[in-house]
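>>> For reference, the sequence and a predicted model appear below.
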Amino acid sequence: MTFREFCVLTGSLAATRSRLNKISLTSDFLRRLSPPEVPSAVAFLTARPLPAADPRVLDVRWATLSDLLDTLDAAPSTAALTLLDVASRLGAIAEISGPGSKRRRLNELSALYRLATAEERRAVTGILLGELRIGLHDGLIQDAIADAASVAPERVRRAALFLSDLSEVARIALTEGPTALEQVGPRLFVPLLPMLAEVSDGFGDVFEAHGVRTALEFKYDGARLQIHKRGDTVRIWSRRLTEVTDSLPDIVALARGSLHGDAMVLDGEVVAVDAGGRPLPFQDLMRRWRRVHDIEATAREIPLVLYLFDCLMLDDRSLIDDLYEHRWRALEGVTRGAHLARRMVAEDATSAHAFLAEALAAGHEGVMAKALDSTYTPGSRGKRWFKVKPAETIDCVIAAADWGSGRRRGWLSNYHLTVADGAGGFVPVGKTFKGLTDEEFRDMTNRLRSLMLRDDGSTVTVRPQVVVEVTYNEIQKSPQYSSGFALRFARITRIRDDKGPQETTELSQLQTLYEKQFSTKGRRASEL
């Protein structure tokens with residue numbers, strides 16, 4: 001398969017708005033691939049230079065590519081690059097490290113670009129920046145894989161939940177067949193997407209959905225993690241499926257010494273604490289979480305406490321289809337009762353509110369409410385799990401930012417907030433310049449500049465990667481924004497480095513939150 005054929009496909013995908021056409025075009029393309037080409041082709045379609053499960057990273061930014069493109073001849077080479085040529089060269093660039101690595105990466109990129117046509121250069125640039133702009137979100141790719149492999153889409157989606165890598169899902173479906181796809185389940189040392197929760201401001205929704213009994217756990221103001229262990233081998237992933245094993249030597253040591261069983265996958269959370277054991281602010285935890293140097297010293301300065309709340313695999317047997325009660329008993333056996341989330345089973349709102357008050361008094365965020373008969377559904381959000389906390393917040397992605405003036409001159413300090421539109425994109429819901437310290441403004445400016453797509457002198461448009469938790473006074477209808485809503489008095493409460501853009505609040509959820517406001521407020525006649 002030539003890389004030009006890939007570019008023809010992306011051009012066709014960009015030119016059609018039809019969902020069915022996009023699936024058909026992609027499916028036809030996938031059928032024509034040889035087995036070795038499948039993983040890289042699917043990675044490229046998701047605007048990734050490498051498959052999602054590949055731990056290597058290409059640290060290439062727009063400024064680097066812009067400088068490179070300025071040095072290239074106007075008439076590029078007409079050499080026939082193949083899809084595997086591009087994949088091999090990008091993989092080789094990802095391997096470069098050590099002294100002079102930046103220059104060597106640039107030289108290798110330059111060699112690739114000089115072999116590419118103008119159309120191919122644009123495609124490579126889009127892949128490196130994560131911005132192909134072809135309207136092909138993961139759901140459509142899953143449907144195309146199913147169509148190309150002649151399997152039910154539900155089989156592909158289930159495998160994707162376990163493997164968290166569409167390249168691997170496509171490889172199995174297209175090269176090993178339907179039987180192999182059906183046998184895909186949780187794998188040790190392959191992270192699963194975490195199960196998610198609905199947000200509720202009280203327990204009415206909880207008991208309505210769960211019946212007369214629900215399991216309550218403290219909702220810790222920490223970072224979600226997933227621990228995989230076999231013998232003394234321990235690896236840990238964040239909720240964004242980034243491996244963080246090397247940054248958490250204390251948690252690795254705890255897992256080796258305190259978790260009992262042959263092989264397991266556990267879900268939990270770590271919280272940074274002070275000398276008295278009280279939880280520290282989330283930002284303190286993130287300073288520890290992002291540390292790549294002086295880890296041992298930082299671990300002593302910012303100790304972490306581990307709270308486990310689910311067991312997804314034990315002794316090589318998947319537990320995700322087991323009921324919550326069974327998984328909790330398995331977790332108790334693995335931990336022998338230690339390092340567990342604080343938990344109770346509530347049968348009425350009075351005891352539930354008392355437990356919530358206990359969690360808040362201990363400095364935690366609120367409580368989780370989990371149906372006793374719920375299975376574990378990776379990547380899924382629903383009423384089987386609720387997050388109950390007093391302050392109403394949503395998670396937004398920053399899509400752009402305005403240059404500041406006065407004291408904030410030189411900083412990107414007015415952030416354009418967006419939520420997921422449910423179709424792979426993001427829609428605006430307001431702006432805010434409130435909530436960050438001067439240090440955070442400076443850090444955010446540098447971070448957003450590294451994600452810059454364009455700068456018109458007043459506003460910098462960025463790749464939608466940075467997730468922030470936002471509180472607000474109310475949600476208003478707004479013709480100003482394509483979402484139809486605006487957040488009144490929006491304020492950033494924290495930067496969610498532990499979340500990816502796919503985990504942000506969706507527009508449908510914002511609509512639900514908007515409607516809920518009128519349980520206690522009046523509504524204008526024009527809105528009835």
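Now that the structure is in, tell me what you want to look at. Numbering: from 1, shown residues only.
>>> For the rest of this, base every contact and every neighbour count on C-alpha atoms.
Noted.
>>> where are the low-confidence patches of the stretch 301-450 of the chain?
The stretch 301-450 of the chain contains residues with pLDDT under 70 at 391.
>>> Now do the strands in it.
Taking DSSP state E, counting those that start in this stretch as the criterion, the stretch 301-450 of the chain carries its strands at 304-314, 317-318, 343-346, 366-370, 381-388, 393-403, 412-420, 426-432.
>>> right, so these: which one is the most enclosed?
Most buried of these, by mean neighbour count (mean count of other CA atoms under 10 Å): strand 366-370, with a mean of 26.
>>> between that strand and strand 381-388, how big is the angle?
When axes from the mean of the first three to the mean of the last three CA atoms, to 10 degrees is applied, the directions of strand 366-370 and strand 381-388 differ by 140 degrees.
>>> Can you work out which other helices and strands pack against strand 366-370?
Applying 3 or more CA pairs under 8 Å, 6 or more residues apart in numbering; DSSP states H and E, one finds that strand 366-370 contacts strand 214-219, helix 349-361, strand 381-388.
>>> What lies in contact with the longest one?
So the one you mean is helix 349-361. With CA atoms under 8 Å, 6 or more residues apart in numbering as the test, helix 349-361 has contacts from 203-204, 216, 218-219, 346, 365-367.
>>> Repeat that for the shortest one.
Outside of strand 214-219, the residues that reach it under the criterion CA under 8 Å, 6+ apart are 206-207, 341-347, 352, 355-356, 359, 364-372, 387.
>>> May I have that strand as CSV, with CA atoms only?
What follows is strand 214-219, C-alpha atoms only, in CSV (Å, rounded to 0.1, in the frame of the first residue of the first chain):
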residue,chain,number,x,y,z
THR,A,214,-26.2,0.9,47.4
ALA,A,215,-22.5,0.6,48.2
LEU,A,216,-20.9,3.9,49.1
GLU,A,217,-17.2,4.5,49.0
PHE,A,218,-15.2,7.7,49.8
LYS,A,219,-14.6,9.7,46.6
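>>> That one - which strands sit beside it in the sheet, and in what orientation?
Its sheet considered, strand 214-219 pairs with strand 343-346 (antiparallel), strand 366-370 (antiparallel) by DSSP bridges.
>>> Between helix 349-361 and the last one, find me the angle.
Just to be clear, that refers to strand 366-370. If you take the same axes, to 10 degrees, strand 366-370 sits at 140 degrees to helix 349-361.
>>> Run the chain-centre distance for strand 366-370.
Mean-position distance between strand 366-370 and its chain equals 21 Å (CA atoms, centre = their mean, to the nearest Å).
>>> ok, now stretch 87-104?
For stretch 87-104, the separation from the chain centroid amounts to 26 Å (computed by CA atoms, centre = their mean).
>>> what's the answer for stretch 231-243, then?
Chain-centre distance of stretch 231-243: 15 Å, with CA atoms, centre = their mean.
>>> Quick one: end-to-end length of that stretch, please.
Terminal residues of stretch 231-243 lie 19 Å apart, using CA to CA, to the nearest Å.
>>> For that stretch, which residues meet the burial criterion?
Residues 234-241, 243 are the ones in stretch 231-243 that count as buried (16 or more other CA atoms under 10 Å).
>>> Show me the shaky parts of this structure.
Applying pLDDT under 70 to the chain flags the ranges 74-78, 283, 290-291, 391, 519-528.
>>> Could you list the domains of it?
Under the assignment automatic domain parsing, the domains of the chain span 3-182, 199-388, 393-519.
>>> Turn these into JSON lines, including distance to F189.
Formatted as JSON lines, those follow (distance: least, CA to CA, whole Å):
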{"stretch": "domain 3-182", "distance to F189": "10"}
{"stretch": "domain 199-388", "distance to F189": "6"}
{"stretch": "domain 393-519", "distance to F189": "19"}
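>>> of all those domains, which lies closest to L192?
domain 3-182 (5.3 Å; CA to CA).
>>> Grab the CA positions of stretch 141-157 and hand them over as PDB.
The C-alpha coordinates for stretch 141-157 follow below in PDB (Å, rounded to 0.1, in the frame of the first residue of the first chain):
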ATOM      1  CA  ILE A 141     -13.300   3.400  12.800                       C
ATOM      2  CA  GLN A 142     -14.700   0.600  14.900                       C
ATOM      3  CA  ASP A 143     -17.700   0.300  12.600                       C
ATOM      4  CA  ALA A 144     -15.300   0.200   9.600                       C
ATOM      5  CA  ILE A 145     -13.200  -2.500  11.200                       C
ATOM      6  CA  ALA A 146     -16.400  -4.600  11.800                       C
ATOM      7  CA  ASP A 147     -17.500  -4.100   8.300                       C
ATOM      8  CA  ALA A 148     -14.100  -5.000   6.800                       C
ATOM      9  CA  ALA A 149     -13.900  -8.100   9.000                       C
ATOM     10  CA  SER A 150     -17.500  -9.100   8.600                       C
ATOM     11  CA  VAL A 151     -18.200  -9.200  12.300                       C
ATOM     12  CA  ALA A 152     -20.800  -7.500  14.500                       C
ATOM     13  CA  PRO A 153     -19.800  -4.000  15.600                       C
ATOM     14  CA  GLU A 154     -20.500  -5.000  19.200                       C
ATOM     15  CA  ARG A 155     -17.700  -7.500  19.100                       C
ATOM     16  CA  VAL A 156     -15.300  -4.800  17.900                       C
ATOM     17  CA  ARG A 157     -16.400  -2.400  20.600                       C
END
